[in-house]
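Visitor: kindly return the folded structure for what I paste below:
(one chain, ligands or ions: 1)
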Amino acid sequence: MSAAAKIQLDAHGRLRHLLTTEGLGRELLTEILDTAESFVPVTRNDVKKVPLLRGRTVVNLFFEASTRTRSAFELAAHRLSADVLNIEGSSSSTTKGETLLDTLKTLESMHVDMFVIRHGESGAAEFFAEHAGDGVAILNGGDGRHAHPTQGLLDVFTIRRHKPDVAGLSVAIVGDVLHSRVARSDIHALRELGVRDIRVVGPKTLVPPELDALGVSVHHDLRAGLDGADVVMLLRLQRERMSGHYLPAGSAFHRGFGLNETTLRYAKPDALLMHPGPINRGVEIAAPVAYGDQSVILEQVSHGVAIRMAVMAMIIGAHRT
Ligand code: NCD
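Guide: Residues are numbered from 1 along each chain as shown. I've put the predicted structure just below:
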């Protein structure tokens, strides 16, 4: 088990931070999903607030672009009645040379309870957790290629709501697996829930060989990879993380690995079509299927708020036992 997986749990196996979906265990993972389920009605009420984090302070510290994740963490904290501070990396004093450690210590001295951090370096959230003071919790909002645990959780939450027998499903994760922290967090979460048939599908340049060690099967042919799949999880081509010549143009990628009305038929007729967003229309996904009958992409976004509420409440809220 990785260091991040170990330090996120306290001596009793409860969540202290959330850094990765690796090693959460089926019981804790199920508790998170069940707690999120209990928050779904709150997110749909006219009055969308419960007092579980009243008096607590949550800092959202985002050093990378984000629409969904940042808004969902912010809404989740507000809906739990916390005070929320939003800091964009580009406007923080890190641009003046302040280190990540000094940024943490400066904000900590204002007596905040929880940090949500998104950073381009793998391991940034773990670094924060190692240096955080007692009682300060760290949630990983995405660190480099390493992990994006709340995305992994909201993905399995969305799958479970549609197909409750999760362990028996065939799940295909398609596209730029190499650069994807979402893929890694999905794979760990699915494995913890007992899913045996996990396939990663993409061109050789975008599927790292070490994924074999996570117990997934690797496919470089879209039809074979999607054959009989219950869930098709697409990933964005992360051009901003590509320094070499990993792939040809977007249109060429779509011809080989893009999902459209024709290629979606390779999977089961009732397969769920998922994508963490943001989507690149015409590259990994064709516009008509992105919001078609099989798509649950916007449900994923919506569930993201309930999942973040659950994690926050379990770590610093009145849900903590
Ligand atoms: C993902 C991310 O930032 O890792 N998006 C998200 O958080 N929903 C995936 C991506 O950027 O492609």
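
Visitor: so which bits of the chain are right by the ligand?
Guide: For the chain, the residues in contact with the ligand (CB under 6 Å from any ligand atom) are 68-69, 142, 148, 151, 181-182, 236, 238, 276-277. Every residue, glycine included, has its C-beta placed from N, CA and C.

Visitor: pLDDT check: weakest of the residues you listed?
Guide: Ranked by pLDDT, those bottom out at Gln238, which has 87.

Visitor: and for that one, the neighbour number?
Guide: Using other CB atoms under 10 Å, Gln238 has 18 neighbouring residues.

Visitor: which residue is the nearest non-sequential neighbour of it?
Guide: Leaving aside its sequence neighbours, Gln238 sits nearest to His179 (CB to CB, 6 or more residues apart in numbering; 4.0 Å).

Visitor: so the one you found touches Met242, yeah?
Guide: Yes: His179 is in contact with Met242 according to CB atoms under 8 Å; the separation is 7.0 Å.

Visitor: so for the two, which sits in the more crowded spot?
Guide: Legend: neighbour count by other CB under 10 Å for His179 and Met242, higher for His179 (21 against 15).

Visitor: show me which of the residues of the chain next to the ligand is closest to Gly317.
Guide: Each of these was checked against Gly317 using CB to CB; the closest is Thr69, at 19.8 Å.

Visitor: check which helix or strand covers Ile117.
Guide: When elements are assigned from DSSP states H and E, Ile117 belongs to strand 114-119.

Visitor: now could you export just the CA positions of that strand as CSV?
Guide: Output of strand 114-119 as CSV, limited to C-alpha atoms (Å, rounded to 0.1, in the frame of the first residue of the first chain):
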residue,chain,number,x,y,z
MET,A,114,-9.7,21.5,6.1
PHE,A,115,-7.8,22.1,2.9
VAL,A,116,-8.9,21.0,-0.5
ILE,A,117,-5.8,21.1,-2.7
ARG,A,118,-5.4,20.6,-6.5
HIS,A,119,-1.9,20.8,-7.8
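
Visitor: pLDDT (mean, whole number) over that strand?
Guide: Strand 114-119 shows a mean pLDDT of 97.

Visitor: is Phe157 in a helix, a strand, or coil?
Guide: Phe157 carries the three-state label helix when classified by DSSP: H, G, I helix; E, B strand; the rest coil.
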